[in-house]
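Engineer: Generate a structure from the sequence data that follows.
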Amino acid sequence: MRTERARIQREVSGTPNIPPPGVPTGLTATAANRQVALAWNAITGATSYNVKRATTTGGPYAKVGSSTVATYTETGLSNGTAYYYVVSAVKRELDRGKRDACHGFARPDSHRRSHADKPISPWIYGIAANLWPPNGTYDYALAGFRVFRGFDGANANFGDSSVPATSSDISKVAVYASTDSTAPGRVVFAAINRFTAAHVTAISGLSLSGMATVYQITAASAQGQTPVHPVLVGQMPVGGQSFTVTLPALSVSTIEVK
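Structural biologist: Numbering: from 1, shown residues only. The predicted structure is shown next:
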């Protein structure tokens, strides 16, 4: 009787009995520089999707945008801040001037730590990363992040596109490289000398032209630093397909070419 009464009330009010849309599934979040790109499985019959965001797991969530397709990119975010997203499907049908909207919610289930109980962050130091600090002191863990972000003590960051590069002795020196879509010709390398002695290595893989500025973290430079951070050690001209640099023992070097 109660169900029938509700049906009659809806018909009298002119509001159609609209079945709700399905629940969006497969929601993934991909972090980039100052932005997060969302994608999910399209819902048959959905006319649009609402995107909501929070900065703590479980919300509260606030609407940040909508999309008529199963993707959405939010820009202008803060690098290093964790964001949580939910997406709802919206189905609207018109009947005698009345409109109804129904929503189905999903939470991120990406393997990139973007599911409901883990945050997704815009690029930290050029990569999608999150930090859950351990108990105690972790100065060197934070220093590792500074190799990629603010390595000049200001606003110089790792580039927004990862590119291949290598050292002449990969058993001792690991190299990561990036280019910058906002500054053509700018290349940033992070070189890690895992060897217990200073090592001269050739870094190759990209066509270079300009001045290389070198910042380093070493055992000696870290003494007395709070926080531990890279220090400027010098500049050198570079050109061609490779350049040679001396890396101190057990050190991390950020090399910016522009």
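Engineer: I'd say Tyr176 and Gly205 touch.
Structural biologist: No. In this structure Tyr176 lies outside contact range of Gly205 using Cβ atoms under 8 Å: 10.8 Å. Every C-beta, even on glycine, is put in place using the N, C-alpha and C of the backbone.
Engineer: Dump stretch 220-236 to CSV, restricted to CA.
Structural biologist: Provided in CSV are the C-alpha atoms of stretch 220-236 (Å, rounded to 0.1, in the frame of the first residue of the first chain):
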residue,chain,number,x,y,z
ALA,A,220,79.7,16.1,4.3
SER,A,221,77.1,18.6,3.0
ALA,A,222,74.4,17.1,5.2
GLN,A,223,76.4,17.8,8.4
GLY,A,224,74.6,20.4,10.4
GLN,A,225,71.8,20.9,7.9
THR,A,226,68.2,21.1,9.1
PRO,A,227,66.5,20.0,6.9
VAL,A,228,68.9,18.1,4.8
HIS,A,229,68.9,19.5,1.2
PRO,A,230,70.9,19.7,-2.0
VAL,A,231,73.6,22.4,-2.2
LEU,A,232,74.9,24.1,-5.3
VAL,A,233,78.4,22.8,-6.2
GLY,A,234,79.0,24.4,-9.6
GLN,A,235,78.2,24.8,-13.3
MET,A,236,79.6,23.5,-16.5
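Engineer: for it, the distance to its chain's centre please.
Structural biologist: 26 Å (Cα atoms, centre = their mean, to the nearest Å).
Engineer: Name the residues that touch that stretch?
Structural biologist: 139-140, 142-143, 146-147, 150-153, 211-217, 243, 245, 248, 252-254 (Cβ atoms under 8 Å, 6 or more residues apart in numbering).
Engineer: returning to what we had before: more neighbours: Tyr176 and Gly205, which one.
Structural biologist: Each of Tyr176 and Gly205 has its neighbours counted (other Cβ atoms under 10 Å); Tyr176 has more, 19 against 16.
Engineer: and the residue nearest to that one when sequence neighbours are not counted, how many neighbours?
Structural biologist: Spatially, and ignoring its direct neighbours in sequence, Tyr176 is nearest to Ala190 (4.5 Å; Cβ to Cβ, 6 or more residues apart in numbering). Ala190 has 23 neighbours, counted by other Cβ under 10 Å.
Engineer: same deal with Pro60?
Structural biologist: Neighbours of Pro60 using other Cβ under 10 Å come to 8.
Engineer: Specify the local secondary structure of it.
Structural biologist: coil (DSSP: H, G, I helix; E, B strand; the rest coil).
Engineer: surely Trp40 meets Ala29?
Structural biologist: No. Using Cβ under 8 Å, Trp40 is not in contact with Ala29, being 9.8 Å away.
Engineer: Noted, bye for now.
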